[in-house]
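> quick one: sequence plus predicted model below, questions after.
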Amino acid sequence: MTPLTYNLWTIGCQMNEADALRAAALLESTGFRPVPHARDAGLLLLNTCVVRQQAEDKIHSRLRYVAELKQHNPGLVVALMGCLVGKNPRELDGLREQFPFVDLFLPPSNLDPLRGFLKARGYPAPAEPGDDILPPPLPDSMTGRSVVAHLPVVLGCSHACTYCVIPYRRGGERSRPSAEILAEAATLATRGIREIILLGQIVDRYGLDLPGEIHLPELLRGVAAVPGIARVRFLTSHPRWITGELIAAVASTPGLCPYFEIPVQAGSDAVLAAMRRGYTAGEYETLVAQVRAAIPRVGISTDMIVGFPGETAAQFEDSMALMRRVNPDMIRIAKYSPRPLTYSARHLPDDVPDAEKERRRVAMEAQLRAMLTVKNAPLLGQTVEILVETIEKTGRRHGRTPDYKPVFVDGSAAAPGDLIRARITWAGPFSLIAETQ
Ligand code: SF4
């Protein structure tokens, strides 16, 4: 075993994934190489998420395993990053006491402790500026290097949805300067990145906290104009902050993909009010109609929480009915779990039994599958544009349509990064198969 090997373990949202990939890129730029098993690594990087109890349980089980590894190998370096670490330095002492085998703690979206560690141990700085923002190579089952990069533009969140722990773990909203973002986008493009996904907890609010800064529509146009960048997306949106100007920018700017991630979370106005989301189900429907009227073939995905405190069976049926009316292209469904510090955990009893939450989750999943089976069927025989992202070991290409549907392509010799046109030969609820003409 060599100390210049690392193993990355990460869970959570796209922002967490972006943080983890940047940490991995930083390690690789200083000479580390990834290994698939933690037992073979000299450095373990664990990126954590505490947005649901299930995620937190997984972290604690992983940490128990890591503690055992460290017992057998005291030279093993353990770095813990992400939302379990949080932004509050006062919590670090407690974490050090709880996890004495951890060497390094990295708050969300902050790689400075890792840079400091590498410097103190004498590892070289990144070979070229920008090496530490590139996605690392793909897993062994695929070939090449990723052509899609996540680019965080707004860190943290200053909203106070009653169930959400993110503002407590990632801190208040901070937009990054546009000059820095555009420079990173240009660097990514020169290294072969073809699609950039701008990230923020409420990405639509980009720039609103920085006096004199440009806002999201202008930022998107700037990134789309970077030579070499074929596609730009942004997520996650909040229904209250999507503007007509943003919709118009997506509708009219070449390279901006027709795709919106707009979490709704519930279909009952009473539940939405208890969540303090700041809109009604009717307003959400109106917004989606406005987006669809302006952008033909737009992909809409959303999030739903089932079993929020006090959610009755009838209120859950409101969520089911809203989803039938909105007919989105994807729903990420989560069972409510109380998170420490949040308003709902402190004031609202978690009164929907887990079996009932699971029943609701399964029912919504089944409805989604049925809806998408019908929705995707007319795609059969159509020709779509695909950005080839990866090549599987079987030779099959994998990529996505502009509206973010995953497609497997047979009979293509395209390279990752190529934009190709292919005819859909099979349309399932969650993926498509196509062949080149
Ligand atoms: S908008 Fe609400 S759900 Fe989203 S990160 Fe902010 S507080 Fe959490």
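Received it, and whenever you're ready, just let me know what you need.

> ranges for the helices of the stretch 301-437 of the chain?
Applying DSSP state H, counting those that start in this stretch to the stretch 301-437 of the chain gives helices spanning 313-326, 343-347, 354-376.

> which residues touch the one helix or strand Leu114 maps to?
Applying DSSP states H and E as the criterion places Leu114 in helix 112-120. With contacts defined as CB atoms under 8 Å, 6 or more residues apart in numbering, helix 112-120 is touched by 23, 26-27, 30, 77, 79, 81, 103-106, 125. Backbone N, C-alpha and C define where each C-beta goes, glycine included.

> let me know the average pLDDT across stretch 9-19.
If you average the pLDDT over stretch 9-19, you get 88.

> that one: end-to-end distance?
12 Å (CA to CA, to the nearest Å).

> does any bit of that stretch sit next to the ligand?
No: Stretch 9-19 is not in contact with the ligand by CB under 6 Å from any ligand atom; minimum separation 9.1 Å.

> so what's the predicted local confidence for the nearest residue to Ala79 once chain neighbours are set aside?
Among residues not flanking Ala79 along the chain, Leu104 sits closest, at 4.0 Å (CB to CB, 6 or more residues apart in numbering). Note on Leu104: pLDDT of 94.

> the one 5 residues further on now?
According to the model's per-residue confidence, Ser109 sits at a pLDDT of 88.

> tell me the contacts of it?
Per CB under 8 Å, 6+ apart, neighbours of Ser109: 15, 19, 152, 155, 170.

> up against the ligand, what does the stretch 251-400 of the chain have?
Counting by CB under 6 Å from any ligand atom, no residue of the stretch 251-400 of the chain is near the ligand.

> how about the strands in the stretch 251-400 of the chain?
259-261, 299-306, 330-335, 383-392, 397-400 (DSSP state E, counting those that start in this stretch).

> tell me the most buried of the ones you listed?
Burial of the strands of the stretch 251-400 of the chain is given as mean neighbour count (mean count of other CB atoms under 10 Å); strand 259-261 ranks first at a mean of 25.

> ok so, going back, in strands, which of the contacts of Ser109 fall?
152, 155 (DSSP state E).

> contact partners for Ser337?
52-54, 350.

> going by distance to the ligand, which of these wins?
Distance to the ligand, by CB to the nearest ligand atom, is smallest for Arg52 among those, at 12.1 Å.

> against Leu111, how distant is the closest residue to Ala125 other than its chain neighbours?
Distances taken as CB to CB, 6+ apart place Thr30 nearest to Ala125, at 7.1 Å, with adjacent residues excluded. Using CB to CB, to the nearest Å, one gets 12 Å for the distance from Thr30 to Leu111.

> returning to what we had before: deepest of the helices of the stretch 301-437 of the chain, which one?
helix 313-326 (a mean of 17).

> could you export the strands of the stretch 251-400 of the chain as CSV, including mean pLDDT?
Output for the strands of the stretch 251-400 of the chain, formatted as CSV (pLDDT from 0 to 100):
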stretch, mean pLDDT
strand 259-261, 98
strand 299-306, 98
strand 330-335, 97
strand 383-392, 95
strand 397-400, 96
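
> out of those, nearest to Glu91?
Of all the strands of the stretch 251-400 of the chain, strand 330-335 sits nearest to Glu91, with 24.9 Å by CB to CB.

> paired strands for that closest one, with orientation please.
Strand 330-335 has its sheet partners listed here by DSSP bridges as strand 299-306 (parallel).

> any regions of the protein where pLDDT drops low?
Applying pLDDT under 70 to the chain flags residues 1-3, 126-132, 135-145.

> any idea how it splits into domains?
Using automatic domain parsing, the domain ranges for the chain come out as 5-131, 137-377, 380-436.

> re the thing from before, the residue nearest to Ala79 against Leu80, yeah?
Yes: Leu104 lies in contact with Leu80 (CB atoms under 8 Å); the separation is 7.1 Å.

> who has more neighbours out of these two?
Shown here are Leu104 and Leu80; by other CB atoms under 10 Å, Leu80 has more neighbours (22 against 16).

> what angle sits between whichever strand or helix holds the more buried one and helix 112-120?
Leu80 is part of strand 77-82 when elements are defined by DSSP H and E. Strand 77-82 and helix 112-120 meet at an angle of 160 degrees, taking axes from the mean of the first three to the mean of the last three CA atoms, to 10 degrees as the criterion.

> heads up, I number from 5, so please use that
Okay, residue one is now 5; in that scheme the one you just asked about reads as strand 81-86.

> direction included, what does strand 81-86 pair up with?
Here, using DSSP bridges, strand 81-86 pairs with strand 47-52 (parallel), strand 108-110 (parallel).

> could you export that strand as CSV, CA atoms only?
Below are the C-alpha coordinates for strand 81-86, written out as CSV (Å, rounded to 0.1, in the frame of the first residue of the first chain):
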residue,chain,number,x,y,z
VAL,A,81,-5.3,9.4,6.9
VAL,A,82,-9.1,10.0,7.4
ALA,A,83,-10.7,13.1,6.1
LEU,A,84,-14.3,13.8,6.9
MET,A,85,-16.1,16.5,4.9
GLY,A,86,-19.6,17.9,4.2
